[in-house]
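Undergrad: need a structure here:
(one chain, ligands or ions: 1)
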Amino acid sequence: MTVPALRQPRFLQLHQSDPAALRAELLTGLQAEPARIAPKYFYDALGSRLFDAITELPEYYPTRTEAALMAEHGPAIAQRVPRGATLVDLGAGNCEKAGRLFELLQPARYVAVDISADHLRHALHCLQRQFPALDMLGVGMDFSSRLDLPSEVGEGPRLLFYPGSSIGNFTPEEALVFLRQTHAAAQGGGLLIGVDLRKPLDVLQPAYDDALGVTAAFNRNVLLHLNRLIGSDFAVQDWRHIAFFNEAASRIEMHLEARRALTVRWPGGERRFASGERIHTENSYKYALADFQALLAAAGYRRIEAWTDARAWFATFWAEA
Ligand code: AVI
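TA: Down below sits the predicted model:
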């Protein structure tokens, strides 16, 4: 008797890092007024672990609020979403959130997208054992500047999944560009997206400045990552974590503030920072429900539906392409 071979996930690595371009981008940011570092540099190995720890903090409500929302409204969401579509998980990470949806949404294929296909290997192999019949593909690509899915993702409607309110780390203008790209990529399917909403300051502020200091460590760790990438000599103890809600822009801003006047050096350059001078590291936009609905409509989506938790802190939108 021959035992049928187990289906294996396939992998495709499209993103190749370009050290010279990366260095140029980082140095431009460091020399800008005010200095800035893009939030994607938070996520080295330690930064990714610190982010996982953030999601478990009592103050960081988005992850557990979204999970509860999906558990409660999953069946209603499943009624809207087409069966047998290709589920494309943007920023899949450990693939946990999408894995919880397989039984509910019954996709024909699962495509996990992240910056590195290697990061997806373990999670996809585990999921494949749990769901042996599901076709699985891991794609390593950087979709933050352009979402251009490869032909291997296949024909037919796609269900794009972008949970966690990562859309909030784009400016609204960038978010619109990105949503237009998801609309084009959906091939007549749709987008299931998690969005963090405006809420009282006494909830927002501690979520980004927690009592244990995990978010502070996450923010300051970006400097250690930079030291490895460009050979700079940032000393993390010289930098204070700052997080506040910018009411006019409706966003949490994170910065690193110099505790004293200092000079940061790297091969071929340096920058002086005055005491109290800041490096801007992240924006996390908080939307009104109607404003995000309007953004989806402007991107070309129709039949937009939203589910929120009882306190209206977080929303999951389904939008047809
Ligand atoms: C990944 N992103 C949605 C998080 C957020 O809430 O904006 C990143 C984060 N920054 C500080 N805490 C969490």
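Undergrad: what kind of secondary structure is the residue of the stretch 151-300 of the chain found nearest the ligand in?
TA: Residue nearest to the ligand within the stretch 151-300 of the chain (C-beta to the nearest ligand atom): Ser284, separated by 3.3 Å. All C-beta spots, glycine's among them, are computed from the backbone N, C-alpha and C. When classified by DSSP: H, G, I helix; E, B strand; the rest coil, Ser284 comes out as strand.
Undergrad: list the contacts for the closest residue to it other than its chain neighbours?
TA: For Ser284, ignoring the flanking residues on the chain, the nearest one in space by C-beta to C-beta, 6 or more residues apart in numbering is Ile252 at 4.2 Å. By C-beta atoms under 8 Å, 6 or more residues apart in numbering, Ile252 lies in contact with 204, 207-208, 243-246, 282-284, 286.
Undergrad: Surely Ile252 is in a helix?
TA: No - assigned with three-state DSSP, Ile252 falls outside any helix and is strand.
Undergrad: need the contact list for the residue of the stretch 1-150 of the chain found nearest the ligand.
TA: Using C-beta to the nearest ligand atom, the single residue of the stretch 1-150 of the chain nearest to the ligand is Ile54, 5.0 Å away. By C-beta under 8 Å, 6+ apart, the contact set of Ile54 is 60, 210, 214-215, 218.
Undergrad: again, 10 Å this time
TA: With contacts defined as C-beta atoms under 10 Å, 6 or more residues apart in numbering, Ile54 is in contact with 60, 62-63, 207-208, 210, 212, 214-215, 217-218.
Undergrad: Taking the residues you listed together, which two end up most distant?
TA: Pro62 and Ala217 (18.5 Å; C-beta to C-beta).
Undergrad: so Tyr199 sits right up against Lys286, yeah?
TA: Small correction: residue 199 is Lys, not Tyr. Yes - in this structure Lys199 lies within contact range of Lys286 using C-beta atoms under 10 Å: 7.0 Å.
Undergrad: who has more neighbours, Pro62 and Ala217?
TA: Pro62 (21 against 17; other C-beta atoms under 10 Å).
Undergrad: Could you verify that the more buried one is part of a helix?
TA: Yes - assessed with three-state DSSP, Pro62 lies in a helix.
Undergrad: isn't it right up against Ile167?
TA: No - with contact defined as C-beta under 10 Å, Pro62 does not reach Ile167; the gap is 11.8 Å.
Undergrad: How are the helices of the stretch 51-200 of the chain distributed by residue range?
TA: For the stretch 51-200 of the chain, the helices defined by DSSP state H, counting those that start in this stretch occupy 61-80, 96-99, 102-105, 117-130, 172-185.
Undergrad: for the fourth one, the distance to its chain's centre please.
TA: Shown here is helix 117-130, whose average C-alpha point lies 19 Å from the average C-alpha point of the whole chain (C-alpha atoms, centre = their mean, to the nearest Å).
Undergrad: where does this protein come near the ligand, residue by residue?
TA: 54, 62, 164-166, 168-169, 208, 215, 282, 284 (C-beta under 6 Å from any ligand atom).
Undergrad: redo that, cut-off 5 Å
TA: 165-166, 284 (C-beta under 5 Å from any ligand atom).
Undergrad: Please identify, among those residues, the one with the most neighbours.
TA: Most surrounded of those: other C-beta under 10 Å gives Ser165, at 23 neighbours.
Undergrad: residues touching that residue, list them.
TA: Residues near Ser165 by C-beta under 10 Å, 6+ apart: 62-63, 65-66, 193-197, 284-287, 314-316.
Undergrad: try Ala290
TA: Counted by C-beta under 10 Å, 6+ apart, Ala290 has contacts Ala306.
Undergrad: Now do the buried residues in the helix or strand that it is a member of.
TA: Taking DSSP states H and E as the definition, one finds Ala290 inside helix 289-298. By neighbour count on 16 or more other C-beta atoms under 10 Å, the buried set for helix 289-298 is 292-293, 295-296.
Undergrad: Same question for stretch 9-16.
TA: So for stretch 9-16, counting by 16+ other C-beta under 10 Å, buried means 9, 11.
Undergrad: Since that was my last question, I'll sign off now.
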